[in-house]
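Peer 1: I would like the atomic coordinates for the input below:
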Amino acid sequence: MMRIGKGERRGRVPASALLSAMTAVAGCAVLETTSRDYHSNEPVLRAVPEVSGYAVDPDRHRLLGADVREDSITYQYRGVEKVGDHAWVVRFSQKSSEQSPESLMNVTALLPLIAEGRDGFEVVEEGEKTLRGIPVSFVRYRFQSPIRDVEGKPFPAHGIVASLRKLMGKEAIVWQMKLDNHGDRDDVVLEDLAPFLEPLAGG
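Peer 2: Below you'll find the model as predicted:
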């Protein structure tokens, strides 16, 4: 359970307290020492950005995992600067043989999946804008975070999901991006996707 001092704003949570609360919500125990050794996949994760050609600033978001398929790659991230950040980025190779290749760009079609399990889910903005020279379709939303204060009230959480298309040679690549924040941002706006768009801005 989290307590807030008198001088703190209810909409934002200290990073250390947020990380502790998120760990508790996830049902994990943080141990300073362990008697078990394990084979870490960290070297493989470090190789993913170079091999796939998509690298996000590790000082801002840490790559937690990657799911590689024949025609898609899903990257999963956790915030470093903002520990309440949780993000995924999906890269699709858009096939002309698909029945509806344009459907990958339909960002609103992702909302039912994103809304699932999120209490108080509400869309706050839909639109198309250009960020880092890239046209982006996006939807911003808010919901109730599973992290609660001492009175049992959920902290406000915010998120954004976006889609865009980039050419790589003659191939059309569709990117979908989602960023949620649970407590240490006042809001999540399109500019907060900039770290995930910057690797695509050149070329």
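Peer 1: Give me the buried stretch members for the strand or helix carrying Val51, please.
Peer 2: Under the criterion DSSP states H and E, the helix or strand holding Val51 is helix 42-52. Residues 48-49 are the ones in helix 42-52 that count as buried (16 or more other C-beta atoms under 10 Å). The way it works is simple: take the backbone N, C-alpha and C, and place the C-beta from them, glycine included.
Peer 1: so how many other residues sit close to the closest residue to Ala172 other than its chain neighbours?
Peer 2: Nearest residue to Ala172 in three dimensions, chain neighbours excluded: Gln94, at 4.2 Å (C-beta to C-beta, 6 or more residues apart in numbering). Other residues within reach of Gln94, judged by other C-beta atoms under 10 Å, total 15.
Peer 1: quick one on the thing from earlier: what packs against the helix holding Val51?
Peer 2: Helices and strands touching helix 42-52, as assessed by 3 or more C-beta pairs under 8 Å, 6 or more residues apart in numbering; DSSP states H and E, comprise strand 61-68.
Peer 1: Quick test: name the residue nearest the centre of the protein.
Peer 2: Centroid check for the chain by C-alpha atoms, centre = their mean gives Ala87 as the closest residue, at 1.2 Å.
Peer 1: what about stretch 124-140, average pLDDT?
Peer 2: Regarding stretch 124-140, the rounded mean pLDDT is 95.
Peer 1: List the contacts of the helix holding Val51.
Peer 2: Defining contact as C-beta atoms under 8 Å, 6 or more residues apart in numbering, one finds that helix 42-52 is touched by 55-56, 63-66, 68, 73, 75, 91.
Peer 1: coming back round to it: identify all contacting residues around the host helix or strand of the residue nearest to the centre of the chain.
Peer 2: In this assignment (DSSP H and E), Ala87 forms part of strand 85-93. Defining contact as C-beta under 8 Å, 6+ apart, one finds that strand 85-93 is touched by 52, 54, 56, 61, 71-79, 104, 171, 173-182, 185, 196.
Peer 1: Buried residues in that strand, which are they?
Peer 2: Neighbour counts using 16+ other C-beta under 10 Å place 85-92 of strand 85-93 among the buried residues.
Peer 1: I'd like the distance between Arg128 and Val107.
Peer 2: Wrong residue type there; residue 128 is Glu, not Arg. From Glu128 across to Val107, the span is 9 Å (C-beta to C-beta, to the nearest Å).
Peer 1: those helices in the protein, which residues are they?
Peer 2: For the chain, helices defined by DSSP state H occupy the ranges 15-25, 42-52, 111-115, 194-197.
Peer 1: Now the weakest link among those helices, please, by mean pLDDT.
Peer 2: Per-segment confidence across the helices of the chain bottoms out at helix 15-25, which has a mean of 47 in mean pLDDT.
Peer 1: where does this protein dip in pLDDT?
Peer 2: Counting by pLDDT under 70, the chain contains low-confidence ranges at 1-36, 95-101, 202-203.
Peer 1: 80 instead?
Peer 2: When the per-residue scores of the chain are filtered using pLDDT under 80, the ranges that remain are 1-39, 94-102, 147-149, 168-170, 202-203.
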